[in-house]
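give me the fold of what follows.
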Amino acid sequence: MPATAEPCHLPPDNRSSPMIKRLLLAAALATTATFAIAAPVTYKLDPSHTNVIAQWNHFGFSNPVAHFGQAEGVLVYDAENVAASSVKVTLPLSGLNTFTAKFDEHVLGSDFFDAAKFPVATFHSTAVESAGEGKLKVTGELTIKDNTHPVVLDVTLNKVGENMGKQPTIGFDAHTTIKRSDFGVGMYAPGVSDEVDIRITTEASVAKAK
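Modelled structure (predicted):
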């Protein structure tokens, strides 16, 4: 007679054993860590490492720039779902610097920004989408002098990591072009170009626990 195959004996369910418990706990912790990494992270803009530079053409002769400092804002970034990301920024016009005190007064006066009446510019995103590896397209609404218009920022993600203070930090560069006449600051156009290039570089960090 042919040999009879030995029956296969499966080991009993030992889920209660210490080794199995440790393995299950490790798997649960790994899953929790994965979800934690994937969660959106909220960062606060660092005004010391945020520059908003505007550049325009002056009657064909030169291309001056102005620096808008003291930016305040919150950035939410979700690496796994960039559509869940957002940004909201307030730009006090008191931080404007054209590098010439007399021109600062003119630009902040009633001919242009009328900063005494409209002391801040604001931007808040309405959509964020991927535009390739390390690239984003951020659509939002820019408000200057109570004039609100859509603006699209072409964004490059520079780095995600820790800063010198060991705080989780993220860095971006961005670029867009706007028409100043849309926002009530169009004096001397088109001799002084209506189109203004806006370049932004920024760092934002997770706030320290109190």
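
quick one: contacts of stretch 95-109?
For stretch 95-109, contacts defined as Cβ atoms under 8 Å, 6 or more residues apart in numbering pick out 64-71, 93, 112-116. Backbone N, C-alpha and C define where each C-beta goes, glycine included.

quick one: the helices in this structure?
Counting by DSSP state H, the chain has helices at residues 18-38, 101-108.

which of those helices has the lowest average pLDDT?
The weakest mean pLDDT among the helices of the chain belongs to helix 18-38, with a mean of 49.

the longest strand anywhere in the chain: partners in the sheet, and parallel or antiparallel?
Across the chain, the longest stretch assigned as strand under DSSP state E is strand 147-162. Strand 147-162 has its sheet partners listed here by DSSP bridges as strand 135-144 (antiparallel), strand 168-179 (antiparallel).

include distance to residue 189 and mean pLDDT when you put those into TSV, please.
Shown next, in TSV, are those (distance: least, Cβ to Cβ, whole Å; pLDDT from 0 to 100):
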stretch	distance to residue 189	mean pLDDT
strand 135-144	15	98
strand 168-179	8	98
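
tabulate those strands (JSON lines), appending distance to residue 206 and mean neighbour count.
JSON lines is the format used below for those (distance: least, Cβ to Cβ, whole Å; neighbours: other Cβ atoms under 10 Å):
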{"stretch": "strand 135-144", "distance to residue 206": "19", "mean neighbour count": "18"}
{"stretch": "strand 168-179", "distance to residue 206": "4", "mean neighbour count": "17"}
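
in JSON lines, list these along with distance to residue 152.
Formatted as JSON lines, these follow (distance: least, Cβ to Cβ, whole Å):
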{"stretch": "strand 135-144", "distance to residue 152": "5"}
{"stretch": "strand 168-179", "distance to residue 152": "6"}
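
between the ones you listed, which gets nearest to residue 43?
strand 168-179 (5.5 Å; Cβ to Cβ).

what's the closest one in contact with?
41, 43, 46, 49, 75, 77, 136, 138, 142, 149, 151-163, 186, 194-206.

now do the contacts for the closest residue to residue 184 other than its chain neighbours.
Excluding its sequence neighbours, the residue lying closest to residue 184 (Cβ to Cβ, 6 or more residues apart in numbering) is residue 145, at 4.3 Å. Neighbouring residues of residue 145 by Cβ under 8 Å, 6+ apart: 113-114, 117-118, 183-185.

check residue 145 and give its pLDDT.
Residue 145 is given a pLDDT of 97.

and residue 4, by the same measure?
For residue 4, pLDDT reads 49.

repeat that for residue 209.
75.

that one - how many residues pack around it?
4 (other Cβ atoms under 10 Å).

I'd like the distance between it and residue 128.
Relative to residue 128, residue 209 is positioned 27 Å away (Cβ to Cβ, to the nearest Å).

contact partners for the residue nearest to residue 203 when sequence neighbours are not counted?
Residue nearest to residue 203 in three dimensions, not counting chain neighbours: residue 49, with 4.0 Å by Cβ to Cβ, 6+ apart. Residues counted as contacts of residue 49 (Cβ under 8 Å, 6+ apart) are 171, 201-203.
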